[in-house]
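Asks: Below are the sequence and a predicted model for it; my questions follow.
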Amino acid sequence: MPTGCGIRALWILNNFDAVVFSRRFPVVEKRWQAACKIENENSNEDQVSYSVFSLLPSDSELAAAFMERKQREGSARGFGIRVSNSSPGSDSWVDDPITRHIIGLYINKEEEGDNNLLWPLILHIKGHHYILVLPLVEPRHVKAYARLCKRSSCGNALVGDDSLSSLLLDLPSITGAFMVAHAIGDIITGETVEPEVVISATPSVGGLFGSLTGSIGISGMSSSAKPVAAPIASSSPSSTTGPGAVTADAPKMGSRHLDKDALRTFISSSMPFGTPLDLNYSNIFTIKANGFSASDLPPADLKQPAWKPYLYKGKQRILFTIHEILHAALYDRDEIPDSISVSGQINCRADLEGFPDVSFPLAGLNAAHLKLSSYHPCAQVPERGVDKQSVMFSPPLGNFVLMRYQASCAFGPPIKGFYQLSMVSEDKGAFLFKLHLMEGYKAPLTMELCTVTMPFPRRRIVSLDGTPSIGTVSTSEHSVEWKIVLSGRGLSGKSIEVTFPGTIKFAPWRSQMMSSSRSAYINSADEDSDNEAESTSNMVNEEYLMEKMNKDLPPVDLEEPFCWQAYNYAKVSFKIVGASASGIAIDPKSVSIYPAVKAPVEFSTQVTSGDYILWNTLGKCPHVGTEKD
């Protein structure tokens, strides 16, 4: 079977499990059926000897199968976790979290057997819709997955290829199907926006900010790349843009109802005959609205790439933005090491006429300890140097992501310290924060925002007593928010230490317990014995209190990844500008364009927090175990 990505079919279901849109691709389906015929004729397997499911289900059959799976894979099983009620043949039996996103459906379940398995289906939930995309794989891969669904062992194999992850490594079409699902999800929810490219207030090479505003004034500056054809008001807005503004010119669709005509146009143009080519909705939208004219034709000696359907005409410029997200788990414990990582991307906008090549050296790779990286198809990347990576690309039209990467944090955590919470009674806790901000971070790195939140999803807050050394505090029913650095009061060039001691009072946990659905299962005899134990001693046993309360409090939904057990934590949100946290940088003066053209180059950075967690030093905390020698 040819390599690459082919889509057999896709479905969109609403929150009532009804199919509201579907599309099948007969060209790809013929390839699948031909492969099934060959596989079934040559099949000599003993353990899993069956004919693979070769037909596409109807919309009603798929909806019924999807509803049956939701009932079968409820609660923990829906997260790919094998539990006692999991059954052989189900996704949760594989015991892999990937099955939360790559699922299998049994069509016409009343006919028992494995020959009704439809796999792999990419499941993407966006808004109130479920998006299912079925990529083309080989029948032997479906059989391999069926074997995983029947094995007696639990979880991925430590050795060998008997695991879902190793199976998926042979299926590049899975990645393409995910891209299709995400693109369709953005369209139906109206979130088809291009990557942010930030214009900083300080001009770089050629005085970009002045050249942008020019004689028309800031209020008239347009942030859109305009094709040769007549501009469209909806896709080329003229908006107020100032320092720190963001340029993005992708059209937005209304999310109030499913626009089936727009979906059909996008699918027909972006993946003709089931083969994804260009999933950029902005390009598809512009092509549909503008069409092409004789002036759009490129020079005869140049080949026009698929990612640049129009030739740009206008003031030339290049914008680069490095956007990094910091994820951290800070424990303040000798036995558990802290964890911090950086997920970054380089966003670019190159408003250049013709088909020029842009090249530059990407610096700071040693400090970043670059782990993973991927580039836009327009880029050519030779072998890496000692501390630099040469990058050359032929830029598409509009904003795009030039590079994505995983790296280490070159300066350490921007917020570190400890958070302690101790329950002094059933309904009252004492807490203490002691944090260091921007330690080791020098100018031009500036922290513009910093907020610490204490969530208590299983307790209702009655009152809070405490005053931080800096900042303001506000409370809601289930959380406390401490704003340390406010907008407009950035922290730059120095580190500070902040503290926040206080006490917090909750609503009586017994009333919460009785109001929950679990109250019917409370053992009154146990309560009496607990009360006796409490009356015999005036000393507060914190471990005893925590165990008792967490036994009877209602559980938190598994969608709260840090709170579904007896865990206490604080989450930090921040924004840092001025340089990247990984150390990766682009020197605007080193950017070259061929054929040579005078175009100003602007470079900016922003670092924001992802899951940045301060675990309660005095409580339980989940962590990754390390292998002992």
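Replies: Right, received. Where do you want to start? Numbers count the residues shown, from 1 in each chain.
Asks: excluding its backbone neighbours, what's nearest Asp351?
Replies: Excluding the flanking residues, the one nearest Asp351 by C-beta to C-beta, 6 or more residues apart in numbering is Arg317, at 5.1 Å. Using the backbone N, CA and C atoms, a C-beta is placed for each residue, glycine as well.
Asks: pretty sure that neighbour contacts Glu602?
Replies: Yes. At 7.2 Å, Arg317 and Glu602 qualify as touching, with contact defined as C-beta atoms under 8 Å.
Asks: okay, the two: which has more neighbours?
Replies: Neighbour count, other C-beta atoms under 10 Å: between Arg317 and Glu602, Glu602 has more, with 25 against 18.
Asks: from memory that one sits against Ile586, does it?
Replies: No. Glu602 is not in contact with Ile586 according to C-beta under 8 Å; the separation is 10.2 Å.
Asks: Next, show the common contact partners of these two.
Replies: Phe320 (C-beta atoms under 8 Å, 6 or more residues apart in numbering).
Asks: Helix or strand: which one has the nearest residue to Ser487 once chain neighbours are set aside?
Replies: Computed as C-beta to C-beta, 6+ apart, the closest residue to Ser487 that is not its neighbour in sequence is Leu449, at 6.0 Å. Counting by DSSP states H and E, the element that carries Leu449 is strand 446-455.
Asks: Also Lys70?
Replies: Lys70 belongs to helix 59-72 when assigned by DSSP H and E.
Asks: Report the distance from the helix or strand following that helix to the chain centre.
Replies: Next along the chain after helix 59-72, taking DSSP H and E as the criterion, comes helix 91-94. Taking C-alpha atoms, centre = their mean, to the nearest Å, one finds the center of helix 91-94 at 24 Å from the center of the full chain.
Asks: So, low pLDDT: which residues of the stretch 101-250 of the chain?
Replies: Scanning the stretch 101-250 of the chain for pLDDT under 70 picks out 109-115, 155-161, 192-194, 200-250.
Asks: rerun at 50
Replies: Applying pLDDT under 50 to the stretch 101-250 of the chain picks out residues 112, 158-159, 201-250.
Asks: now swap in the stretch 451-600 of the chain and tell me
Replies: 516-540, 558-559, 564.
Asks: Which parts of it are strands?
Replies: Counting by DSSP state E, counting those that start in this stretch, one finds strands in the stretch 451-600 of the chain at the ranges 461-466, 472-475, 479-485, 491-492, 496-506, 569-577, 585-586, 592-594.
Asks: got the contact list for the second one?
Replies: For strand 472-475, the external contacting residues (C-beta under 8 Å, 6+ apart) are 461, 464, 466-467, 480-483, 486, 500.
Asks: and if you look at the first one?
Replies: With C-beta under 8 Å, 6+ apart as the test, strand 461-466 has contacts from 427, 431, 473, 475-480, 500-507.
Asks: again with the longest one
Replies: Contacts of strand 496-506 from elsewhere in the structure, counted by C-beta under 8 Å, 6+ apart, are 417, 424, 427-438, 452, 456, 459-471, 473, 480, 482, 484.
Asks: again, but for the last one
Replies: Strand 592-594 is contacted from outside by 318, 352, 356-360, 599, using C-beta under 8 Å, 6+ apart.
Asks: how does it look with 6 Å?
Replies: Applying C-beta atoms under 6 Å, 6 or more residues apart in numbering, the contact partners of strand 592-594 are 356-359.
Asks: Could you tell me which residues make contact with Ile415?
Replies: Applying C-beta under 6 Å, 6+ apart, the residues near Ile415 are 435, 437, 572.
Asks: again but with Trp93, I slipped
Replies: Trp93 sits next to 82, 86, 149 when contact means C-beta under 6 Å, 6+ apart.
Asks: Verify the stated contact: the residue nearest to Asp351 with Pro600.
Replies: Yes. Counting by C-beta atoms under 6 Å, Arg317 does reach Pro600; the two are 5.4 Å apart.
Asks: mind listing which of the contacts of strand 592-594 are in helices?
Replies: Judged by DSSP state H, helices contain none of these.
Asks: Can you give me the neighbour number for the closest residue to Asp170 other than its chain neighbours?
Replies: Ranked by C-beta to C-beta, 6+ apart and with sequence neighbours excluded, the top spatial neighbour of Asp170 is His141, at 7.1 Å. His141: 18 surrounding residues under other C-beta under 10 Å.
Asks: hang on, His141 in a helix?
Replies: Yes. Under DSSP: H, G, I helix; E, B strand; the rest coil, His141 falls within a helix.
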